[in-house]
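> Got a predicted structure plus its sequence, pasted below:
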Amino acid sequence: MLPRPATALARTALVTAAALAATTGAAHAASGGVSAAASPAPSSTAGTPSGGGASAAGASSAKGTASSKGTAAAKGSASSKAAKPKRGASAAKGRATNQRPSPSAVVRTGASRLSARVSPTSTASAGTLRRDEAFRVRCQVNGTPTTGKYGTSRIWNRVKLKNGRTGYVPDASTETSSKNALVAPYCGYPDPKPAATNLGQGRCLSVASVALDPAPATRADFIAAAGPLAKESKQTTGVPAAVTLAQGILESASGTLTAGANNYFGIKAQLVSPGTFRWGTQAVGCVHKPTNEVEGGRTVRQIGQFRMYPSMRESFDDHGLFLKQNSRYAPAFAHSDDPEKFAQAIHRAGYATDPSYSSLLIKLMNDKTLPLKGWDA
């Protein structure tokens with residue numbers, strides 16, 4: 001099954017669900033991403049991985065695999081203000097690289113103590129932490145969803161307890177330095193060493209290794225930069241330029257939230273085996289990234305695996321190829337000259353889990369202040 005993109009990347013910002021919905025819109029299942037239940041998860045306190053699966057990336061849809069970018073439910077971070085991942089020294093003129101946020105965390109729960117479980121899928125307790133107790137996150141992983149101060153989340157943080165045991169505490173009840181990036185490696189799967197050549201598959205990074213495109217100052221700046229690429233994609237793949245632009249706006253908040261990996265469409269890497277993902281021909285790797293999925297009508301935070309690109313061009317090229325080469329979206333190409341019907345067709349095919357996904361795209365395409373449909377002329 002091809003990986004699906006993740007619109008939730010735009011929603012992974014630390015803002016309220018309402019604010020996220022206003023900026024990025026949908027939760028989706030990008031083809032190839034790992035779904036909450038399917039993401040690799042340690043089966044023991046030692047962090048041994050057990051199974052992986054489909055994921056969600058774009059607007060709660062299945063752009064690559066089953067992913068959903070859903071509206072963000074996580075508000076907080078390790079400080080009173082949501083902390084964004086730091087950007088390091090410029091790797092190229094006007095471009096920057098990611099740095100991992102601090103692993104420092106604090107327990108935030110209404111109860112006097114928070115139970116640390118022996119594994120992220122177990123109900124057995126390994127010990128407890130006090131309310132407002134500070135600790136260091138050793139690694140992060142997907143597991144059973146829990147609900148706390150920061151919404152509903154499948155993310156669990158591994159911690160060394162004072163009793164000497166290792167336990168897992170829910171991220172939903174943990175204030176971390178960022179809810180928009182991992183603050184520690186993925187449990188059981190350390191970051192891979194740089195490869196001399198692009199192998200096309202492998203382990204994902206917890207921090208992207210590529211130089212990042214500078215974020216557009218305005219939506220108009222994003223459209224000016226992305227418009228020619230969308231038009232070119234229409235000519236080579238048949239994907240309407242207006243759809244490409246609307247998805248880019250929705251999935252990446254107009255180019256300001258690209259999974260820290262120049263990923264403008266939330267397209268996920270495809271799970272090959274536990275801990276190993278395939279990222280296609282245009283990407284150069286993949287990154288673990290918090291995202292939102294829609295499960296049973298509710299937004300659930302989790303870690304997805306997103307494709308990593310050298311620049312905007314490769315991301316746009318891959319988007320067109322992803323839709324063109326994935327048979328589930330074949331019916332949409334009967335509407336290459338009708339952007340609205342095309343958007344509805346890819347939504348029906350499972351591009352996003354957000355029930356409003358195609359409506360959000362159509363609203364953007366009909367916004368006369370943009371205007372996106374002019375790029376198909």
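Sure thing, it's come through.
> Going by C-alpha atoms from here, please, whenever you check contacts or count neighbours.
Will do.
> thinking Ala261 is in contact with Met312, fair?
No. Assessed by C-alpha atoms under 8 Å, Ala261 is found out of contact with Met312, at 9.7 Å.
> Between those two, which is the more surrounded one?
Ala261 (31 against 20; other C-alpha atoms under 10 Å).
> any idea how far Thr244 is from that one?
Distance of Ala261 to Thr244, computed by C-alpha to C-alpha, to the nearest Å: 18 Å.
> do Cys286 as well
Using C-alpha to C-alpha, one gets 21 Å for the distance from Cys286 to Thr244.
> Tell me which of these two has more neighbours.
Ranked by neighbour count (other C-alpha under 10 Å), Cys286 and Thr244 place Cys286 first, with 33 against 27.
> how many neighbours does the closest residue to Gly275 other than its chain neighbours have?
Excluding its sequence neighbours, the residue lying closest to Gly275 (C-alpha to C-alpha, 6 or more residues apart in numbering) is Arg203, at 5.8 Å. By other C-alpha under 10 Å, 22 other residues sit near Arg203.
> again, but for the one 10 residues further on
Residue neighbour count, defined by other C-alpha under 10 Å, stands at 23 for Asp213.
> same deal with the one 10 residues further on?
As a burial measure, Ile223 scores 23 neighbours (other C-alpha under 10 Å).
> hang on, Ala126 in a strand?
Yes. The assignment for Ala126 is a strand, going by DSSP: H, G, I helix; E, B strand; the rest coil.
> Okay, it and Ala105: tell me how far apart.
18 Å.
> Any idea what Arg113 is bridged to?
Arg130 (DSSP bridges).
> quick one: least confident helix or strand in this structure?
strand 49-50 (a mean of 29; mean pLDDT, DSSP states H and E).
> just for this structure, where's the confidence low?
Along the chain, segments meeting pLDDT under 70 span 1-97.
> remind me, longest helix of this protein?
Criterion DSSP state H: the longest helix present in the chain is helix 219-237.
> That one - contacts with which helices or strands?
Packing partners of helix 219-237 (3 or more C-alpha pairs under 8 Å, 6 or more residues apart in numbering; DSSP states H and E): helix 241-252, helix 312-325.
> Can you give me the buried ones in it?
Buried residues in helix 219-237, defined by neighbour count with 16 or more other C-alpha atoms under 10 Å: Phe222, Ile223, Ala226, Gly227, Leu229, Ala230, Lys231, Glu232, Ser233, Lys234, Thr237.
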